[in-house]
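J.: give me a 3D structure for the following:
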Amino acid sequence: NPLEYRRHGRVLREGLRAEQVDAVFAYNPKCIAHAPAAARAAGVKRVVAMVTGLGHGFMGTGLRARVVRWQKGWLYRRAFRDCDAVLVQNQLDLQELERCGAIDAGMRARLRMVAGSGVDLTEFPCVPVRDGAHFLMVARPLAEKGLPEYLEAARRAANRLPGATFPWLGPKRGPSPSGL
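T.: Sure thing, here's the model as predicted:
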């Protein structure tokens, strides 16, 4: 729904501006569709998207599948324009993004292949968290998006980091049966 799409973008933009976010890391299709443009409009300095998989929208061969693939390709192309970097985990996904026009020649310089979602702790060692650290989760209120785990991690960390904040930004309700 284009009206819902615009409303989500506005709410996200206002939230990012209010929280004075320095960087946005969008890593699933809906976050990638909304976050980069909202982040740029909110004045966020660094925006990175990570394609962890293309999902059902890029499967199938019928007319409906081709239309959905074109729409999603357009959304990715639009979102990637606002990204400083785009990380892709899968060579086949990269080829499909190129095939549907989501990645053009200008995007190539900002594109990086990564070997998964993990962090190499030898290259990026743990460092102490600074006092007053701010951890923001942007997600729909669904169990499968990790909201319960985020809240539990915030509860645990709050004991050791009394100056830290742990806000959550997302719609109040989701249409899913797993909505929280």
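J.: which stretches of this protein form helices?
T.: Remark: helices assigned in the chain by DSSP state H are 2-19, 29-41, 63-80, 91-99, 147-160.
J.: the last one: which residues count as buried?
T.: By neighbour count, and taking 16 or more other Cβ atoms under 10 Å as the criterion, the buried residues in helix 147-160 are 147, 154. C-beta here means a position set from N, CA and C on the backbone, and glycine is covered the same way.
J.: spatially central residue for this structure, please.
T.: Against the mean C-alpha coordinate of the chain, by Cα atoms, centre = their mean, the closest residue is A26 at 1.8 Å.
J.: endpoints of stretch 18-26, how far apart?
T.: The first and last residues of stretch 18-26 sit 18 Å apart, counting by Cα to Cα, to the nearest Å.
J.: now do the buried residues in it.
T.: Result for stretch 18-26 [16+ other Cβ under 10 Å]: buried residues 19, 21, 24, 26.
J.: for those residues, which one is nearest N159?
T.: N159 lies nearest to E19 out of those, by Cβ to Cβ, at 22.8 Å.
J.: grab the nearest non-local neighbour of the closest one.
T.: Of all residues not flanking E19 in the chain, L136 sits nearest, at 5.7 Å (Cβ to Cβ, 6 or more residues apart in numbering).
J.: tell me which other helices or strands the lowest-mean-pLDDT helix or strand in the chain touches.
T.: Taking mean pLDDT, DSSP states H and E as the measure, the chain has helix 2-19 as its least confident helix or strand, at a mean of 84. Here helix 2-19 touches helix 29-41, strand 168-169, going by 3 or more Cβ pairs under 8 Å, 6 or more residues apart in numbering; DSSP states H and E.
J.: for it, which outside residues touch it?
T.: 24, 33-35, 37-39, 41-44, 134, 136, 138, 167, 169, 171 (Cβ atoms under 8 Å, 6 or more residues apart in numbering).
J.: may I see the buried residues of stretch 102-116?
T.: Residues of stretch 102-116 classed as buried: 102-103, 107, 110-111 (neighbour count, 16+ other Cβ under 10 Å).
J.: which of these sits closest to R160?
T.: Out of those, the member with the shortest distance to R160 (by Cβ to Cβ) is R110, at 36.4 Å.
J.: rewinding a little: the buried residues of stretch 102-116 in strands, which ones?
T.: Members of the buried residues of stretch 102-116 lying in strands (criterion: DSSP state E): L111.
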